[in-house]
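Engineer: structure for this input, please:
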Amino acid sequence: QVQLVESGGGLVQVGDSLRLSCSASGGTFSRSAMGWFRQAPGKEREFVAAISGSGLFTYYGDSVKGRFIISRDNAKNMVYLQLNSLKFEDTAVYYCARADASSYSVRTVFGYWGQGTQVTVSS
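Structural biologist: Have a look, this model is predicted:
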């Protein structure tokens, strides 16, 4: 049974940094592409970042490119999202997601989701 548990959210100020973590269990972690998504109140879920199973390839949404960094540690079954230069509009619930495929594309289906962790950026 695949489980994903996010942690690391919190209340920060504009310009601050934060690191989110996602612990994965079940299945073969290194064979799964992983992603981070976010959803702000009243808005649709937004793609933030993804990383291939090997960790060699990373992808970012336009709104976070150059500020956020996704990484993974396959030995620990962990994926991380480093959030830098946070803006007020980064406020959202951030979700970790896992795909069955090892590579990522815009058509990748993420079938497993965590419960989310809240990030609030204050001015």
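Engineer: three-state assignment of the most centrally placed residue in the chain?
Structural biologist: Central residue of the chain (Cα atoms, centre = their mean): residue 36, 2.3 Å from the mean position. Following DSSP: H, G, I helix; E, B strand; the rest coil, residue 36 is assigned to strand.
Engineer: bridging residues for it?
Structural biologist: Residue 36 has these beta-bridge partners by DSSP bridges: residue 49, residue 96.
Engineer: where's it relative to residue 85, distance?
Structural biologist: Using Cβ to Cβ, to the nearest Å, we find residue 36 at a distance of 16 Å from residue 85. (C-beta placed from N, C-alpha, C; glycine too.)
Engineer: then residue 33?
Structural biologist: 26 Å.
Engineer: and residue 105, by the same measure?
Structural biologist: From residue 105 across to residue 85, the span is 28 Å (Cβ to Cβ).
Engineer: equivalent analysis for residue 70, please.
Structural biologist: 16 Å.
Engineer: these two - which one has more neighbours?
Structural biologist: Using other Cβ atoms under 10 Å as the criterion, residue 70 and residue 85 rank with residue 70 on top: 21 against 13.
Engineer: pretty sure that one is touching residue 83, no?
Structural biologist: No: at 10.3 Å, residue 70 does not count as touching residue 83 under the criterion of Cβ atoms under 8 Å.
Engineer: find residues that contact each of the two.
Structural biologist: Both residue 70 and residue 83 lack any common contact, where contact means Cβ atoms under 8 Å, 6 or more residues apart in numbering.
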